[in-house]
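Participant: okay, sequence plus prediction incoming.
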Amino acid sequence: MEINDLTPAERRIWRAFATGAAVDFGTGTAEDAADGADWGPERSVRASVLRHLLLNGPREPGEIAALKLSGARVTGELDLRYAQTDHAVRLSGCHVDEVPQLYGWRVRQLNLSNSVLPGLTAATIRVEGVLRLTDCRFRGPVRLGGAHIAGALFMDRARFEAPDAGEPALQLNQVEIGDDLWAPGLRARGQVRLTGASVAGGVNFRDTEFELPSGTALDAQNLTVGSDVRARCLTARGRIEFRGSRIPGCLDLLHSRLSQPGGTALRASSCVIGELWLRPDTRIEGALNLRRSQIDLLTLDPATLPERVHINELSYTALTPHVPAERRLSMLERDPEGYVPYAYEQLTAAYRRVGDDYAARMVQLAKQRRLRATRTWYGRLWGYVQDATVGYGFRPLRAAVWLLSLLAVGSAAYAVHHPHPLKESEAPHFNPVFYTLDLLLPVISFGQEDAFAPDGWYQYLAYALIITGWILATTVVTGVTRSVSRQ
């Protein structure tokens, strides 16, 4: 391309490129790049000119060439597929008419801040420094799958739209980012795909909005992060998917609003997470799925829980805030799978780690009651007996109350009507209290039961005392055995 073929605006850019000088076509007043389609030739540049500059532009000895362009309209298709550019590229506040084709492009640094584009095709792009999309607006899909970014990726306050519902608005699947993924205030209408992405630093999704009510709004399956995922005040209409992700720091969802009625609002199953924060100010409309995940610190307030909670095989070391077991049990009762023994054991272990043995016993008692509902009728009947008598061994004082009550009833009955002695000459002095104890206690003998025989309904009372004594003794032994095994 000859220099004489250039327009005045393009000639100005051409001369500035050699020394890396900035070219600003702005008017100095507040402008919106979305109106760039009306900008005239005085601030328009052909994409072919920019391509020629980046591949074969002039050099100035002792200077660092760079393309720094602001407030321009880029006409035509910018095609840099498989190209290599050794210069920094900045197209800030520009209006780009056609989707840039940057597949496989190698560039030192790329800055598209405040620009408006119909989309971006830049899969497998290689950026040696920072990729900046701050305040960008994309009216079509942005394809960055497989990109390698040595520095950080900035997308704060960027806007992404996907008119075609079949394609994600933003594709970051399998990207490798050497620093942070910085995207506070991002807005996406359509799916944001982060599957298999690797971020050496942290991810910032504070105040972001993801919208795809009919599907997965944020697909971050198998995401690997070096530190934290900060998603405080996030709003999602559609599923948030973190299945299989590795987040050694904190997954912060405080003040967030997650909504997918009838579906799963948040899925963080099979994950390894340092800390997960879900507090009362987090609103979840839809199911919460934490199955098979390993979490060091689970901050989960019972008030946050939705109607369905999948927690089978969920492991956690610590659980906060510390609340009575009665409030935590609702979490275990909302699992659609029904009775999940492992969930009860995890909650019991969490209470024991903080020394709350009473709460741990209450969880185990609830576990036995839940198990009772899965058994046959005679198993349920025996369970009701154990529950009423000694609370499955977790409330052993109940046995003493029952024994004292039965002892009082028996003693009073036999004090009024003494049983007749079997052998008058050999019978000891009758004592109604010890006679009743002989009936109730199946092992200990005071010599009263063998010496006297009641008649009439007092005989049936004796049978009842013997049967209840055996039941109480069995349940007490079961409770003691379980208590010893817990120790």
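Facilitator: The structure has been received and is ready for your questions.
Participant: low pLDDT regions in the stretch 1-150 of the chain?
Facilitator: 1-4 (pLDDT under 70).
Participant: phi, psi for the closest residue to residue 321 other than its chain neighbours please.
Facilitator: The shortest distance from residue 321 to any non-neighbouring residue, by Cβ to Cβ, 6 or more residues apart in numbering, is to residue 301 (6.3 Å). In this view, the C-beta of every residue, glycine as well, is placed from N, C-alpha and C. Dihedral pair for residue 301: phi -80, psi 130, per degrees, to the nearest 10.
Participant: my guess is residue 301 contacts residue 278, does it?
Facilitator: Yes: counting by Cβ atoms under 8 Å, residue 301 touches residue 278, with 7.0 Å between them.
Participant: any idea how far the most far-flung residue of the chain relative to its centre is from residue 455?
Facilitator: Centroid-distance maximum for the chain: residue 425 at 80.0 Å, with Cα atoms, centre = their mean. When distance is defined by Cβ to Cβ, to the nearest Å, residue 425 is 20 Å away from residue 455.
Participant: got it, and residue 344?
Facilitator: Distance from residue 344 to residue 455, by Cβ to Cβ: 50 Å.
Participant: compare those two (neighbour count), which wins?
Facilitator: residue 344 (20 against 10; other Cβ atoms under 10 Å).
Participant: tell me the secondary structure of the more buried one, please.
Facilitator: helix (DSSP: H, G, I helix; E, B strand; the rest coil).
Participant: surely it touches residue 363?
Facilitator: Yes: at 5.7 Å, residue 344 and residue 363 qualify as touching, with contact defined as Cβ under 8 Å.
Participant: looking at residue 301 and residue 278, which one has more neighbours?
Facilitator: Remark: of residue 301 and residue 278, residue 278 carries more neighbours, 23 against 16, as counted by other Cβ under 10 Å.
Participant: just the pLDDT at that one, thanks.
Facilitator: Reported pLDDT at residue 278 in the predicted model: 92.
Participant: now the one 10 residues further on
Facilitator: The score at residue 288 is 95. That number is its pLDDT.
Participant: what's opposite it in the beta bridge?
Facilitator: residue 266, residue 309 (DSSP bridges).
Participant: what's near enough to touch residue 291?
Facilitator: 269-270, 310-314 (Cβ atoms under 8 Å, 6 or more residues apart in numbering).
Participant: redo that, cut-off 10 Å
Facilitator: 243, 267-271, 309-314, 335, 337, 340 (Cβ atoms under 10 Å, 6 or more residues apart in numbering).
Participant: please tell me how far residue 81 sits from residue 74.
Facilitator: Taking Cβ to Cβ, one finds residue 81 at 17 Å from residue 74.
Participant: more crowded one of these two?
Facilitator: Using other Cβ under 10 Å, the more surrounded residue of residue 81 and residue 74 is residue 74, with 23 against 14.
Participant: is that one part of a helix or strand, or is it coil?
Facilitator: Put simply, residue 74 is strand when judged by three-state DSSP.
Participant: tell me how far the closest residue in space to residue 371 that isn't next to it in sequence lies from residue 367.
Facilitator: Spatial nearest neighbour of residue 371, chain neighbours left out: residue 339 (6.3 Å); criterion: Cβ to Cβ, 6+ apart. Relative to residue 367, residue 339 is positioned 8 Å away (Cβ to Cβ).
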